[in-house]
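# got a predicted structure here, sequence first:
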Amino acid sequence: MAEPIVVAEGLHKSFGDTHALRGLDLSVPRGTVCGVLGPNGAGKTTAVRILATLSDPDAGHARIAGYDVVREAGKVRARIGLAGQYAAVDEKLTGRGNLRMFGRLYHLSRREAHRRADELLERFGLMDAADRQVAGYSGGMRRRLDLITSLILRPEVLFLDEPTTGLDPRSRGEIWDSVRELVAGGTTVLLTTQYLDEADRLADDIAVIDHGQVIATGTPDELKATIGDRLDVVLEDPAALRPAATVLNALAGTDPTMTGADRLSVALPGGGLRLADIVRELDRAGVAAADVSLRRPTLDEVFLRLTDRKELV
Amino acid sequence: MTALTSPMGHRVRWTFTDGLTLVGRELGRLRQEPGELVAALIFPAIMVVLFGYVFGSAIQVPGGGDYREYLMPGLFSMVTFTAVMGVMMRVATDASRGVMDRFRSMPMARSAVPFGQTGADLLGGLLSLTIMVGAGLLVGWQPHRGLVPTAEAFLLLIVLRYALSWVGVYVGLVVKNDQVADQMVPLFLPFTMLSNSFVPTDGMPGWLRFLADWNPVSAITAASRELFGNPGVPSGDVAWPLAHPVAAVLLWSAALLAVFVPLSVRTYKRRGR
């Protein structure tokens, strides 16, 4: 079996007293999108910086396409692209000027750098703005330019560190389309994000990081399955909240959370509970429900459960 | 794609070509922001008027002579010293905007970035020096000692500028934040003022005079005055750098380069955070 294109084993990294990474393991098969999720400060950016050769780990190893990120950094750099939270382009140059300059710095010939710049501008819809100064671009356009700058060399692995943070929904959609197109072309993408819908839409596999370690991995569906279905109840009378909570606790084995003045939500273990049983139990306790529904959990709920921040649900 | 991996033999060539690409970046920026050129044109005019006619009206040149003839070498030094702030801002902006991280994540020559930044500054520095010279010629300043000493003076100004720009690289890399760097700019003002550029140092209190005499800005000003044949060349018992200004400028340049080139290159390459 081929080695995964991105492999991290036991990465440790500390900054003074802060342990950003404590034995992080990660592996991303070629041609897939790996979503790295975690609360702020979980170590996502530190992990990406190590994989992209910007930072050395204190302990542990990482390989990109078989090359060690510390000892063979030059070979790794020729195979990766990095697009970050901020648009890392020269604001004073035009879009085209940026792509040409970075093309030359990737050691393309002058002619090739020019050709590649035009090709990318055309393909990612920035041709109209090609000769405008980047300082005048919208946030979404800058981010797209940042993204395509990292595509100049057709990288085997693309690191996207929160590529859509701070963008409006339409620009986010455009970035997502671009990422899907790249993956269809065979690029492997490692994506960190705080938007769980982004991971849900783009990622084949998800790694949830907290306190510098991977605490769960799997496809979005597998992760959702681990915490069971959710039961949502809307009451006719908010006064019935307490008896309703008692019933739900008895059924689920855990305390439900209030999701509104007249609504409760609880995770159901395993399965085997039918909607009819639940309605009957509520009825027996004299609770009038306006709506009772069973559904798959969202990735947000999985995430909050895994990172132990239930109080926010 | 033709992604060349890095055999040792190509490193030197790449340092050079990547450096040149970064110098070219500066030209691209200037083309996009002609406003900067206009500002570069107006600045010398303001300085010449402000110092030449406002302060100059009340300042006696030691040993006699025209104050504007005395002043221009000082303004050339001042322009030279702006290399520190200019490069510091450029480097800090690249670092805080993630451009530096992009450079670091690319398979380009490692030391090309600091060399490119200082090369780019040299390009802008030549431009602003030329403009300042033009302003000087307009108000009656001129070199009096012929072609060779004049060329030597400009060469010294350029050498010192290049050495000073490496101080800017280092400070910019350490600060890593364009806003902090911006706030640091006024801190460099005393370096140009605390010198013989605008007034003779004889009148300053002893400890201040000591600092002014040993300031590299004073050395380059004194060297320019000597080589251009402008008034204000000190005579009698003066500090060593003012008695041997050409040697002092060369020593200062060598010392700055010897300290800040390795320091900057090492700081740039270090992969900490």
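Nice, thanks for sending it over.
# buried stuff in whichever helix or strand residue B:124 is part of?
If you go by DSSP states H and E, residue B:124 is part of helix B:112-138. Neighbour counts over helix B:112-138 (16 or more other Cβ atoms under 10 Å in any protein chain shown) mark B:112-122, B:124-125, B:128-129, B:131-133, B:135-136 as buried. Using the backbone N, CA and C atoms, a C-beta is placed for each residue, glycine as well.
# for the helix or strand immediately after that helix in the chain, packing partners?
Downstream of helix B:112-138, the next assigned helix or strand under DSSP H and E is helix B:147-175. Contacts defined by 3 or more Cβ pairs under 8 Å, 6 or more residues apart in numbering or on different chains; DSSP states H and E place helix B:147-175 against helix B:67-96, helix B:112-138, helix B:178-184, helix B:216-228, helix B:245-269.
# rewinding a little: can you narrow the buried residues of helix B:112-138 to ones near chain A?
residue B:112 (Cβ under 8 Å from any Cβ of the partner chain).
# need the winner for burial among the helices and strands packed on helix B:147-175.
helix B:216-228 (a mean of 27; mean count of other Cβ atoms under 10 Å in any protein chain shown).
# could I get the average pLDDT for it?
Taken as a whole, helix B:216-228 has a mean pLDDT of 96.
# ok so, going back, off-centre distance for the helix holding residue B:124?
Put simply, helix B:112-138 sits 8 Å off its chain's centre (Cα atoms, centre = their mean, to the nearest Å).
# and it with helix B:147-175, angle?
Put simply, helix B:112-138 runs at 140 degrees to helix B:147-175, going by axes from the mean of the first three to the mean of the last three Cα atoms, to 10 degrees.
# how about the closest residue to chain B within the stretch 1-150 of chain A, secondary structure?
For the stretch 1-150 of chain A and chain B, the shortest gap (Cβ to the nearest Cβ) falls at residue A:88, measuring 3.4 Å. Here residue A:88 is coil, with the state taken from DSSP: H, G, I helix; E, B strand; the rest coil.
# that one and residue B:98 touch, don't they?
Yes: shown here, residue A:88 and residue B:98 form a contact pair, counting by Cβ atoms under 8 Å, at 3.4 Å.
# those two: which is more packed in?
residue A:88 (24 against 20; other Cβ atoms under 10 Å in any protein chain shown).
# wait, what's in contact with the more buried one?
A:146, A:149, B:97, B:98, B:99, B:101, B:102 (Cβ atoms under 8 Å, 6 or more residues apart in numbering or on different chains).
# okay, residue A:116: pLDDT?
Looking at residue A:116, its pLDDT reads 96.
# for residue A:25, see how far away the residue of the stretch 201-313 of chain A found nearest chain B is.
Residue nearest to chain B within the stretch 201-313 of chain A (Cβ to the nearest Cβ): residue A:212, separated by 15.0 Å. As judged by Cβ to Cβ, to the nearest Å, residue A:212 and residue A:25 stand 11 Å apart.
# go on, residue B:235?
Taking Cβ to Cβ, one finds residue B:235 at 75 Å from residue A:25.
# more crowded one of those two?
residue A:25 (15 against 8).
# the more buried one reaches residue A:8, doesn't it?
Yes: shown here, residue A:25 and residue A:8 form a contact pair, counting by Cβ under 8 Å, at 6.0 Å.
# which pLDDT value belongs to the residue lying closest to residue A:139 once chain neighbours are set aside?
Excluding the flanking residues, the one nearest residue A:139 by Cβ to Cβ, 6 or more residues apart in numbering or on different chains is residue A:167, at 5.8 Å. The model reports residue A:167 with a pLDDT of 85.
# hang on, residue A:167 in a strand?
No: per three-state DSSP, residue A:167 lies outside any strand segment and is coil.
# can you pull the contacts of it?
A:139, A:140, A:143, A:175.
# which pair in these spans the largest distance?
Greatest spatial distance among these (Cβ to Cβ): A:139 and A:175, at 10.8 Å.
# of the two, who's got more company?
Legend: neighbour count by other Cβ under 10 Å for residue A:139 and residue A:175, higher for residue A:175 (22 against 14).
# what helix or strand is the more buried one located in?
Using DSSP H and E, the secondary-structure element containing residue A:175 is helix A:169-184.
# low-confidence stretches in the stretch 1-150 of chain A?
By pLDDT under 70, the low-scoring segments of the stretch 1-150 of chain A are A:1, A:86-87.
# can you pull out the strands in it?
Secondary structure of the stretch 1-150 of chain A (DSSP state E, counting those that start in this stretch): strands located at A:6-15, A:18-28, A:33-37, A:59-64, A:67-68, A:80-83.
# anything in the last one near chain B?
Read that as strand A:80-83. Yes: counting by Cβ under 8 Å from any Cβ, chain B has neighbours in strand A:80-83: A:80, A:82.
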